[in-house]
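Here is my input; please provide its structure:
(one chain, ligands or ions: 1)
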Amino acid sequence: MNDTKISEALAERYGADIPVPGELAQNPALQTMAARGSCRWFRDVPVPDDLLRALCAIALAAPSKSDLQQRDIVMIRAAEQLAAVKALLTGQDWIAQAPALLIFCANNRRQRLMHDWRNRTFVNDHLDAFFNASVDAGIALAGFVHAAEAAGLGCCPISTIRNRAADVSTLLNLPDHVFPVAALAVGYPQFPSPRISMRLPLDTTLHCDRYDETGLRAAVDTYDTARNAHRPMTAQRQPDRFGTTEPYTWSDDKTRQYAAPERNDFGAFIRGRGFDLS
Ligand SMILES: Cc1cc2nc3c(=O)[nH]c(=O)nc-3n(C[C@H](O)[C@H](O)[C@H](O)COP(=O)(O)O)c2cc1C
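The predicted structure is shown next:
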């Protein structure tokens, strides 16, 4: 268990004190969640299959839209299959060392099959079908991360699985209306405590009664400065295009990232898997 106090973890995360009700101060589950961080460096120790299976069962206990249960997890178990999936996840060297990989998939296929079996036309073939299944998969992913971290494991989601969505679908035998949302690397962490990654000030992403952007630009500037003081970025994206800047901030990094096309073929892939998306 991570023994960083909740209030200390939140102060580090948000750069401000966030009062925590006294009765929660020692809650171990919340302590782990507050002080969590993605893990990309693992010990060379296998994760037992029955542990992964139990954590998947716990993750799939998370809420599901209308109880439709439109998400599946593919546990990669065989060594050759693990190597084949990793070979598709190019551009991130740390993935090679990940002891286990899970693929979280959206699944709108079961629903459509049940319509066939019960002889009732599926008349909701529009964007919502894609969206509901994607959200369900994301909720299960989050559930798995929290369960795994509470069990002493480290995890890191991998969105680049979608860079090779068609190849991944072939490798994993995913049929139409089932698609990968994210992979998740899982293992025993090399370092005892996760590194806390700062978040935007709480009042930027938490609104009361109605959405409010007052002071947003100043809040992002403040966050950039605080985040650089806490842990500066180690590499600058696309230096050939944008040069190098000092300071190099979170908002520099995110805008450089999305100034380059990323997965702009994904819509075509999803349509090709049978979704209408209108
Ligand atoms: C859907 C999703 C996809 C992600 N994909 C990647 C990835 O491909 N590579 C990576 O290193 N981290 C990935 N991450 C991890 C984020 O970079 C990480 O959550 C973020 O930097 C905040 O850090 P923290 O989780 O340590 O708080 C992903 C996270 C999510 C939720």
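
Touching, Arg256 and Phe242? I think so.
Yes: counting by Cβ atoms under 8 Å, Arg256 touches Phe242, with 5.7 Å between them. Yep, even glycine has a C-beta here, placed from its N, CA and C like the rest.

out of the two, which sits in the more crowded spot?
Arg256 (17 against 14; other Cβ atoms under 10 Å).

Without its sequence neighbours, what residue ends up closest to the more buried one?
Nearest residue to Arg256, sequence neighbours excluded (Cβ to Cβ, 6 or more residues apart in numbering): Arg237, at 4.1 Å.

and that neighbour, how many neighbours?
Neighbours of Arg237 under the rule other Cβ under 10 Å: 17.

For it, give me its contacts.
Asp253, Arg256, Gln257 (Cβ atoms under 8 Å, 6 or more residues apart in numbering).

Swap in 10 Å and give it another go.
Arg237 makes contact with Tyr248, Asp252, Asp253, Lys254, Thr255, Arg256, Gln257, Tyr258, Ala259, Ala260 under the criterion Cβ atoms under 10 Å, 6 or more residues apart in numbering.

And it, its phi and psi?
phi -80, psi 150 (degrees, to the nearest 10).

what sits in contact with each of Arg256 and Phe242?
Overlap of the contact sets of Arg256 and Phe242 (by Cβ under 10 Å, 6+ apart) consists of Gln236, Tyr248.

What about the nearest residue to Arg43 once chain neighbours are set aside, how many residues nearby?
Spatial nearest neighbour of Arg43, chain neighbours left out: Tyr188 (4.5 Å); criterion: Cβ to Cβ, 6+ apart. If you count neighbours by other Cβ under 10 Å, Tyr188 ends up with 15.

Tyr188 contacts Glu149, correct?
No: applying Cβ atoms under 10 Å, one finds Tyr188 not in contact with Glu149, separated by 11.7 Å.

Let's see the lengthiest helix in the chain as CSV, backbone CA atoms only.
Identified as the longest helix of the chain according to DSSP state H is helix 127-150. Extracted in CSV, the C-alpha atoms of helix 127-150 (Å, rounded to 0.1, in the frame of the first residue of the first chain):
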residue,chain,number,x,y,z
LEU,A,127,-22.9,7.4,-33.1
ASP,A,128,-24.4,6.5,-29.7
ALA,A,129,-23.7,2.8,-30.3
PHE,A,130,-20.0,3.5,-30.8
PHE,A,131,-19.9,6.0,-27.9
ASN,A,132,-21.7,3.9,-25.3
ALA,A,133,-19.4,0.9,-25.9
SER,A,134,-16.3,3.1,-25.9
VAL,A,135,-17.3,4.7,-22.6
ASP,A,136,-18.1,1.3,-21.1
ALA,A,137,-14.6,0.1,-22.1
GLY,A,138,-13.0,3.2,-20.6
ILE,A,139,-14.8,2.7,-17.3
ALA,A,140,-13.6,-0.9,-17.1
LEU,A,141,-10.1,0.2,-17.9
ALA,A,142,-10.2,2.7,-15.0
GLY,A,143,-11.7,0.0,-12.7
PHE,A,144,-8.8,-2.3,-13.6
VAL,A,145,-6.2,0.4,-12.9
HIS,A,146,-7.6,1.2,-9.5
ALA,A,147,-8.0,-2.5,-8.6
ALA,A,148,-4.5,-3.4,-9.8
GLU,A,149,-2.9,-0.4,-8.0
ALA,A,150,-4.7,-1.4,-4.8
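
partners of the residue most central in space within the chain in the sheet?
With distances taken as Cα atoms, centre = their mean, Pro157 lies nearest the centre of the chain, 4.4 Å away. Partner residues in beta bridges with Pro157: Leu184, with DSSP bridges as the criterion.

gap between it and Met75?
15 Å (Cβ to Cβ, to the nearest Å).

for Ala35, same thing?
Applying Cβ to Cβ, the value for Ala35 to Met75 is 27 Å.

Neighbour count: these two, which is higher?
Each of Ala35 and Met75 has its neighbours counted (other Cβ under 10 Å); Ala35 has more, 23 against 15.

For that one, give me the backbone phi and psi.
The phi/psi pair for Ala35 (degrees, to the nearest 10) reads phi -100, psi 10.
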